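S.K.: coords below, sequence missing:
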């Protein structure tokens with residue numbers, strides 16, 4: 001039999017192999033003793049109930065080869081960016097085995113190893129921390145792991161490595177980052193102590209980024225990903241995260257946490273607007289625009305602003321009178337900037353409806369892309385090559401769009417919308433380490449303090465952060 005594929009296919013294949021090869025005469029911990037050690041419900045009990053409470057890890061009074069492999073994996077959890085102490089007392093095991101191999105012939109060992117493995121497998125598949133607690137909103141519920149099939153496979157596979165690997169994120173750059181972590185730990189052991197603080201800080205960034213990779217669902221369609229601290233956008237041409245199949249460009253992100261930051265979330269890009277109005281968020285209109293409008297009578301003309309009585313583009317425009325400015329301050333009128341080359345959104349915006357009112361758009365301030373630290377916006381994402389991004393996005397639109405027709409529409413006279421035939425998943429992520437395909441690794445500043453917060457949630461020692469960070473959400477539409 002030949003086995004291919006990811007989690008489900010591989011586990012079913014190993015399950016069939018294990019059923020064929022099991023020797024019922026082998027003796028483990030008695031079923032009654034296992035049953036007596038279990039709670040009335042929970043994944044551990046379900047695993048054993050599916051096999052009539054037959055032992056998984058003990059045969060003839062000793063740990064099985066698979067149990068020893070599993071213990072070795074749990075005791076090397078640091079290679080996954082995790083902590084082995086959270087799963088097993090590895091030092092105690094080393095004292096007992098192989099000098100006292102019969103120590104395993106107890107229900108405590110049998111059930112305890114299964115419980116430790118459940119925690120470990122959940123952690124490498126879903127991550128240790130709920131992303132919502134870290135302020136990350138990817139919005140999708142992921143299916144629970146099929147532990148019955150997984151543990152049957154683990155208990156019988158000659159090599160448990162492929163079973164465990166099948167539960168990890170299926171991304172090339174996750175694998176590269178794990179390999180990078182191994183290189184950084186090569187001369188430091190499993191615990192990075194008594195080493196250069198800077199090296200320890202890179203190690204930390206790798207561990208945190210591995211955790212965030214585990215939060216991502218598998219790509220079912222080619223996504224667009226923006227990595228905030230890298231100031232970089234990646235438009236996938238397939239579901240594989242290979243450099244040769246990804247368009248890349250620089251971006252500008254939100255300038256400050258928590259009020260003007262770019263949130264971490266996922267949403268579907270559904271349409272593109274050529275020559276957009278900029279509907280100025282109330283907070284920006286009140287704090288930044290109103291003082292200038294009251295102080296300078298020609299400010300609205302120079303900035304090409306309009307006061308609008310209504311929610312749509314076709315709503316009536318009203319004059320800039322003191323009375324109407326009072327209505328704007330009260331939130332009863334809205335302020336917008338007319339389309340054009342000087343519009344804050346540039347000549348095109350890419351709309352992904354979301355609760356944060358954050359989207360992608362072009363910008364007239366092209367000079368800012370020359371900066372290395374590009375955190376200048378109120379929260380929306382400004383893209384450096386809007387024509388290339390539009391060409392990629394509009395490939396699945398009803399009409400045929402070329403760079404030439406896109407450029408003409410951006411420089412035309414009409415404001416109009418183009419709906420995508422198939423929405424594109426956009427993921428705004430936050431990763432401060434990136435392992436590249438050439439073997440190099442690059443690190444990025446923790447511009448919003450998310451690394452510090454995640455370190456705290458994971459119970460890791462404090463790290464010096466560049467900015468203070470609190471788990472707050474933006475309220476206004478951004479630009």
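M.R.: That came through fine. Predicted, not measured: the structure shown is a model, and the values here were computed from it. Numbering: from 1, shown residues only.

S.K.: if I've got this straight, residue 425 is in a helix?
M.R.: No: judged by DSSP: H, G, I helix; E, B strand; the rest coil, residue 425 forms no part of a helix; its state is strand.

S.K.: partners of it in the sheet?
M.R.: residue 268 (DSSP bridges).

S.K.: counting neighbours, what do you get for it?
M.R.: Neighbour count of residue 425, defined by other CB atoms under 10 Å: 20. Quick note: C-beta positions are derived from backbone N, CA and C, even for glycine.

S.K.: can I assume it is in contact with residue 266?
M.R.: Yes: under the contact definition of CB atoms under 8 Å, residue 425 touches residue 266, with a separation of 6.4 Å.

S.K.: now the strand or helix carrying residue 122: average pLDDT?
M.R.: Under the criterion DSSP states H and E, the helix or strand holding residue 122 is helix 107-126. Helix 107-126 shows a mean pLDDT of 95.

S.K.: again, but for stretch 331-345
M.R.: 94.

S.K.: can you check stretch 137-155 too?
M.R.: Averaging pLDDT along stretch 137-155 gives 91.

S.K.: may I see the buried residues of it?
M.R.: Neighbour counts over stretch 137-155 (16 or more other CB atoms under 10 Å) mark 137-138, 145, 147-155 as buried.

S.K.: looking at the residues you listed, which is nearest residue 297?
M.R.: When those are compared for distance to residue 297 (CB to CB), residue 137 comes out closest, at 43.0 Å.

S.K.: what is that closest one paired to in the beta sheet?
M.R.: As assigned using DSSP bridges, the partners bridged with residue 137 are residue 265.

S.K.: OK, contacts around it?
M.R.: Going by CB atoms under 8 Å, 6 or more residues apart in numbering, residue 137 touches 131, 263-266.

S.K.: taking the residues you listed together, which two end up most distant?
M.R.: Largest separation among these by CB to CB: 131 and 263, giving 12.1 Å.

S.K.: where do the strands sit along the stretch 1-150 of the chain?
M.R.: Residue ranges of the strands in the stretch 1-150 of the chain, as given by DSSP state E, counting those that start in this stretch, are 58-59, 62-63, 136-137.

S.K.: which of the buried residues of stretch 137-155 sits closest to residue 300?
M.R.: Comparing every one of those with residue 300 (CB to CB), the shortest separation belongs to residue 137, at 36.2 Å.

S.K.: from the buried residues of stretch 137-155, which ones fall inside helices?
M.R.: Judged by DSSP state H, the subset of the buried residues of stretch 137-155 located in helices is 147-155.

S.K.: turn the residues you listed into TSV, including distance to residue 320.
M.R.: Formatted as TSV, the entries for those read as follows, by distance: CB to CB, whole Å:
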residue	distance to residue 320
147	65
148	69
149	68
150	66
151	70
152	73
153	71
154	71
155	75
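
S.K.: mind listing residues that contact stretch 173-186?
M.R.: Applying CB under 8 Å, 6+ apart, the external contacts of stretch 173-186 come out as 78-81, 168, 192, 199, 202-203, 206-207, 209-210, 213, 241, 433-437, 441.

S.K.: from those, which land in strands?
M.R.: Here DSSP state E is the test, and those give 433-435, 441 as lying in strands.

S.K.: for those residues, which one is nearest residue 284?
M.R.: Lowest distance from residue 284 to those (CB to CB) belongs to residue 434, with 32.6 Å.

S.K.: quick one: residues contacting the residue lying closest to that closest one once chain neighbours are set aside.
M.R.: Take residue 434 and drop its neighbours on the chain: the residue closest to it by CB to CB, 6 or more residues apart in numbering is residue 442, 5.2 Å away. Neighbouring residues of residue 442 by CB under 8 Å, 6+ apart: 433-434, 436.

S.K.: are any of those residues buried, and if so which?
M.R.: Neighbour counting by 16+ other CB under 10 Å classes 433-434 among the contacts of residue 442 as buried.

S.K.: now flag whichever of the contacts of residue 442 is closest to residue 65.
M.R.: Each of the contacts of residue 442 was checked against residue 65 using CB to CB; the closest is residue 433, at 35.3 Å.

S.K.: pretty sure that closest one contacts residue 204?
M.R.: No: under the criterion of CB under 8 Å, residue 433 is not in contact with residue 204, lying 9.1 Å apart.

S.K.: before we move on, the earlier item: which of the ones in helices among the buried residues of stretch 137-155 lies closest to residue 125?
M.R.: residue 150 (9.9 Å).

S.K.: my guess is the closest one meets residue 162, correct?
M.R.: No: taking CB under 8 Å as the contact criterion, residue 150 and residue 162 are not neighbours in contact, 11.9 Å apart.

S.K.: still on that earlier bit, angle of the helix holding residue 122 against helix 147-156?
M.R.: Here the directions of helix 107-126 and helix 147-156 differ by 110 degrees (axes from the mean of the first three to the mean of the last three CA atoms, to 10 degrees).

S.K.: return the set of buried residues in helix 107-126.
M.R.: 107, 109-126.

S.K.: against which helices or strands is that helix packed?
M.R.: Under the contact criterion of 3 or more CB pairs under 8 Å, 6 or more residues apart in numbering; DSSP states H and E, the helices and strands touching helix 107-126 comprise helix 31-36, helix 43-49, helix 65-74, helix 147-156, helix 197-215.

S.K.: what helices or strands is the second one leaning on?
M.R.: Helices and strands in packing contact with helix 43-49 are listed as helix 107-126, helix 147-156; criterion 3+ CB pairs under 8 Å, 6+ apart.

S.K.: can you lay out the ones you listed as JSON lines showing distance to residue 35?
M.R.: Converted to JSON lines, the helices and strands packed on helix 43-49 look like this (distance: least, CB to CB, whole Å):
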{"stretch": "helix 107-126", "distance to residue 35": "9"}
{"stretch": "helix 147-156", "distance to residue 35": "16"}
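
S.K.: nearest to residue 286, out of the ones you listed?
M.R.: helix 107-126 (41.6 Å).

S.K.: pull the distance from that closest one to the chain's centre.
M.R.: A distance of 25 Å separates the centroid of the chain from that of helix 107-126, by CA atoms, centre = their mean, to the nearest Å.

S.K.: also stretch 299-306?
M.R.: For stretch 299-306, the gap between its own C-alpha mean and the chain's C-alpha mean amounts to 40 Å (CA atoms, centre = their mean).

S.K.: what is the burial count for the closest residue to residue 215 other than its chain neighbours?
M.R.: Setting aside the residues directly before and after it, residue 215 is nearest to residue 131 in space (CB to CB, 6+ apart), at 4.4 Å. Taking other CB under 10 Å as the criterion, the count of residues near residue 131 is 21.

S.K.: same thing with residue 385?
M.R.: The burial metric for residue 385, expressed as a neighbour count using other CB under 10 Å, is 17.

S.K.: swap in residue 405?
M.R.: Residue 405 is surrounded by 14 other residues when neighbours are defined as other CB under 10 Å.

S.K.: quick one: which helix or strand includes it?
M.R.: For residue 405, the element it lies in under DSSP H and E is helix 403-410.

S.K.: quick one: average confidence on that helix?
M.R.: Helix 403-410 carries an average pLDDT of 96.

S.K.: contacting residues around it?
M.R.: Helix 403-410 has contacts (CB under 8 Å, 6+ apart) with 274-275, 347-348, 362, 386-388, 390-391, 394, 416.

S.K.: run through the residues that contact residue 61.
M.R.: Going by CB under 8 Å, 6+ apart, residue 61 touches 27, 101-102, 104-105.

S.K.: hmm, which two among those residues are most spread apart?
M.R.: Checking the contacts of residue 61 with CB to CB, the most distant pair is 27 and 101, at 14.1 Å.
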